[in-house]
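J.: for reference, the sequence and a predicted model appear below.
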Amino acid sequence: MTATQNPQNGITEEAILQALRTVQEPELHQDLVTLNMVRDITIRGKEVGFTIMLTTPACPLRSRMEQESIEAVKRLVPGVETVNVRFDATVRADSRIAGKLNIDVKNIIAVASGKGGVGKSTVSTNLAVSLALEGAQVGVLDADIYGPNIPIMFGLSGKPRIEQNKMVPLEAYGVKVISMGFLMPEGEAVVWRGPMLHKAIQQLFTDVRWGSLDYLIVDLPPGTGDAQLSLAQSVPLTGGIIVTTPQAVAISDARRGATAFKRLEVPILGVIENMAGEIFGMGGGEEAARQMGVEFLGRIELDPRIREGGDAGKPIVIDAPDSAAAQQFRTLARLVAARISVMTLLPDPELRIL
């Protein structure tokens with residue numbers, strides 16, 4: 001029963017809301033009530049409850065908001081002994097996507113690298129599965145037309161079936177996947193450029209029955225060529241992630257990739273340093289992010305199980321969920337989701353380039 005219907009012991013809905021005005025959403029720096037995140041207040045004697053509506057199921061600061069909300073209500077509303085906090089989530093959408101592509105996808109995230117061999121597809125795969133494990137609806141589009149290896153990472157093969165003239169993506173680990181690798185004979189090379197490449201990439205978005213997705217992760221080919229240009233020109237990208245390794249040559253190429261994103265007016269979510277550790281070193285990705293003036297999201301330590309899982313079609317977040325690398329991927333996925341939540345709340349001029 002809500003407080004406005006039956007106030008008890010001086011505990012009212014208004015008093016609870018007033019207390020929650022002192023609790024800030026850590027990423028947005030506004031209080032929960034102003035952001036309209038508090039729903040379904042209930043009062044039963046000295047026990048109160050309410051729902052906090054998150055902007056992503058992968059919110060990395062959920063426990064902090066829960067603790068601060070409980071403390072605020074107990075401290076500021078006399079008579080309250082028990083506070084039950086529930087969570088729900090509604091992912092905010094990049095409004096440009098539905099208008100331009102006519103697909104029910106809320107956010108499109110491009111994962112790029114300035115050069116090959118830095119583990120970009122591995123990062124794309126594990127981020128996607130991590131978001132799905134948090135409860136999000138996720139898809140992966142393998143835009144690496146020339147070297148599609150996302151099917152291997154997910155352990156998928158075969159051709160997608162057709163329903164109502166559209167391809168139905170294959171699924172694994174709660175993620176919908178589409179790739180040119182499903183459509184071409186094994187071992188056959190793709191030599192398309194220009195208009196043919198542009199059309200192929202466009203069709204992977206619009207001629208697929210994606211259903212409703214919170215996040216569509218696009219695994220780009222390495223470099224800054226036709227595929228990247230075609231994608232940025234035809235698809236509203238919510239943001240891009242740059243993957244690099246700690247070595248100087250990879251960092252130099254990553255900077256070029258970031259420059260291309262900025263010129264194409266794609267917001268950069270941040271830099272991920274992959275394969276960090278004794279063999280390749282550590283810290284190069286963080287330095288690259290500093291030089292680019294973008295956020296350093298974090299690093300993934302070199303772990304042979306990442307490669308083994310990728311070859312076997314079992315991402316490390318599934319195959320070795322308690323490993324340090326798996327936990328790093330899970331943390332990065334939450335950070336990316338939080339960053340997107342902030343960006344989709346900003347007015348358009350701030351959304352364009354970081």
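T.: Done, it's in. Remember, it's a predicted structure, so these values are computed and weren't measured experimentally. Numbers count the residues shown, from 1 in each chain.
J.: what's around I241, how many residues?
T.: 26 (other Cβ atoms under 10 Å). In this view, the C-beta of every residue, glycine as well, is placed from N, C-alpha and C.
J.: buried ones in stretch 306-320?
T.: Judged by neighbour count using 16 or more other Cβ atoms under 10 Å, the buried positions of stretch 306-320 are 306, 309-310, 313-320.
J.: pull the most distant pair out of these.
T.: Maximum pairwise distance among those (Cβ to Cβ): 14.2 Å, between G313 and A320.
J.: for the residue lying closest to L220 once chain neighbours are set aside, the count of nearby residues, please.
T.: Distance criterion Cβ to Cβ, 6 or more residues apart in numbering; nearest residue to L220, sequence neighbours excluded, is A112 at 4.5 Å. A112: 28 surrounding residues under other Cβ under 10 Å.
J.: quick one, phi psi at A112?
T.: A112 adopts backbone torsions of phi -130, psi 160, taken as degrees, to the nearest 10.
J.: what's near enough to touch A143?
T.: Residues counted as contacts of A143 (Cβ atoms under 8 Å, 6 or more residues apart in numbering) are 201, 204, 218-221, 227, 231.
J.: for it, give its distance to P160.
T.: 16 Å (Cβ to Cβ, to the nearest Å).
J.: again, but for M167
T.: Noted for M167: a distance of 4 Å to P160, by Cβ to Cβ.
J.: list residues touching both of those two?
T.: The contact sets of M167 and P160 overlap at 178, 208 (Cβ under 8 Å, 6+ apart).
J.: any idea which helix or strand carries L335?
T.: helix 324-345 (DSSP states H and E).
J.: ranges for the helices of the stretch 251-354 of the chain?
T.: All helices of the stretch 251-354 of the chain, identified by DSSP state H, counting those that start in this stretch, fall at 284-292, 304-312, 316-319, 324-345, 348-351.
J.: which elements pack onto the second one?
T.: Secondary-structure packing of helix 304-312 (3 or more Cβ pairs under 8 Å, 6 or more residues apart in numbering; DSSP states H and E): helix 120-133, helix 150-154, helix 316-319.
J.: most tightly packed of those helices?
T.: Counting by mean count of other Cβ atoms under 10 Å, helix 120-133 has the highest mean neighbour count of the helices and strands packed on helix 304-312, with a mean of 27.
J.: that one: what's the following helix or strand?
T.: Under the assignment DSSP H and E, the closest C-terminal helix or strand after helix 120-133 is strand 138-142.
J.: any chance you could list what contacts that following strand?
T.: Strand 138-142 has contacts (Cβ under 8 Å, 6+ apart) with 105, 121, 124-125, 128-129, 131-132, 148-151, 154, 169, 174-181, 204-205, 208, 210, 213-219.
J.: low-scoring stretches of the stretch 201-350 of the chain, by residue?
T.: Judged against pLDDT under 70, the low-scoring parts of the stretch 201-350 of the chain cover residues 223-229, 250, 277-283, 345-350.
J.: relative to S95, which of the helices and strands packed on helix 304-312 is closest?
T.: S95 lies closest, by Cβ to Cβ, to one member of the helices and strands packed on helix 304-312: helix 120-133, at 20.5 Å.
J.: could you tell me the average pLDDT over the closest one, please?
T.: The predicted model gives helix 120-133 an average pLDDT of 96.
J.: including distance to R92, could the helices of the stretch 251-354 of the chain go into TSV?
T.: TSV is the format used below for these (distance: least, Cβ to Cβ, whole Å):
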stretch	distance to R92
helix 284-292	25
helix 304-312	31
helix 316-319	25
helix 324-345	4
helix 348-351	12
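J.: C59: which of those is closest?
T.: Ranking the helices of the stretch 251-354 of the chain by their distance to C59 (criterion: Cβ to Cβ) puts helix 324-345 first, at 6.5 Å.
J.: centre of the chain to that closest one, how far?
T.: Here the centre of helix 324-345 is set off from its chain's centre by 6 Å, with Cα atoms, centre = their mean, to the nearest Å.
J.: buried sites along that helix?
T.: Under the neighbour-count criterion of 16+ other Cβ under 10 Å, helix 324-345 has 325-326, 328-330, 332-345 buried.
J.: what of stretch 21-35?
T.: Of all the residues in stretch 21-35, those buried under the rule 16+ other Cβ under 10 Å are 21-25, 27-28, 31-33.
J.: related to what we said a few turns ago, quick one: the helix holding L335 to helix 120-133, angle?
T.: Regarding helix 324-345 and helix 120-133, their directions subtend 70 degrees when assessed with axes from the mean of the first three to the mean of the last three Cα atoms, to 10 degrees.
J.: what is the orientation angle of helix 324-345 with strand 138-142?
T.: Comparing the axes of helix 324-345 and strand 138-142 via the same axes, to 10 degrees yields an angle of 100 degrees.
J.: packing partners of helix 324-345?
T.: Under the contact rule (3+ Cβ pairs under 8 Å, 6+ apart), helix 324-345 is packed against helix 120-133, strand 239-244, strand 268-276, strand 296-301, helix 316-319.
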